Structure formats: C-alpha cells, structure tokens
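Asks: Build me a model from this:
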Amino acid sequence: GIISIASLTLAIGIFLFTYLENMSHLEAAYFSVITGTTIGYGDISPSSDVGKVAVALYAIVMVNVVGGMLEPAKAYLMEMCLEEEEEKTDAVTKKTDEAKTSDDKKDL
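Replies: Numbering: from 1, shown residues only. Take a look at the predicted model:
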C-alpha cells in the first residue's frame, strides 16, 4: 500500500543524498522528510549540481507520495463536511415545511 511506497521513496532519498551529497544516513533521512513534506527549513541543502537536480526530482515524487498518504484524511474530512451540510439542509427544509404548515392553518 501507500506506506510501502512511502518507505521505498524515503529509502531512495536516503540512498541518493548519502551517495550524492555525502550526508550521514540520519541527515539524509531528515533532509528527505523535510523536502518531501515541503517544510524545507533550509538548514541542509545540496551543494553539487547533480544533487540539486536529484532534490528537484525527488521532491516532485515525494510530494505526490505524501499527498497519497493524506488521501484517507481528506476522504474522512469530506464525509464529515457533507454530513454536516446535509444536517443543515435538513434543518432548513424542516423549518420551511413548518412555516408552510403554519401558513396553511392560518388560511383555513
């Protein structure tokens, strides 16, 4: 699933930045997560041209992976919002129906 893809993408980032930028595994993992989540503190950055290109390509991939990881949260929140909207619509419909019934009784 998406967790496997995220783990694989993170492992690729760690390998790339360890190899291309001579980062430690911990620095490469930190840099991969910060880049992939678009936080980008700027405390670590690539120094070589090849590293800069690798970061750009990695960021494109990792941002999409992180987006995929957030999809279940999006679906849950949308469902909650739709339920809330439906409750509001039902309340308005009920008030409208009550007002019609009241007006109909007055006409009699």
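Asks: Please make it C-alpha for all contacts and neighbour counts, starting now.
Replies: Noted.
Asks: Could you list the low-pLDDT ranges of the protein?
Replies: 103-104, 107-108 (pLDDT under 70).
Asks: What segments of the protein are helices?
Replies: 2-21, 25-36, 49-107 (DSSP state H).
Asks: Put together TSV for those, with distance to residue 43 and mean neighbour count on each row.
Replies: Below are those laid out as TSV (distance: least, C-alpha to C-alpha, whole Å; neighbours: other C-alpha atoms under 10 Å):
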stretch	distance to residue 43	mean neighbour count
helix 2-21	14	17
helix 25-36	9	20
helix 49-107	14	13
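Asks: can you tell which of these is closest to residue 42?
Replies: helix 25-36 (9.2 Å; C-alpha to C-alpha).
Asks: Counting by contacts, list what the closest one packs against.
Replies: Applying 3 or more C-alpha pairs under 8 Å, 6 or more residues apart in numbering; DSSP states H and E, we find helix 25-36 packed against helix 2-21, helix 49-107.
Asks: Make TSV from those and add distance to residue 33 to it.
Replies: Listed next are the helices and strands packed on helix 25-36 as TSV, based on distance: least, C-alpha to C-alpha, whole Å:
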stretch	distance to residue 33
helix 2-21	7
helix 49-107	9
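Asks: contacting residues for residue 48?
Replies: Counting by C-alpha atoms under 8 Å, 6 or more residues apart in numbering, residue 48 touches 20, 21.
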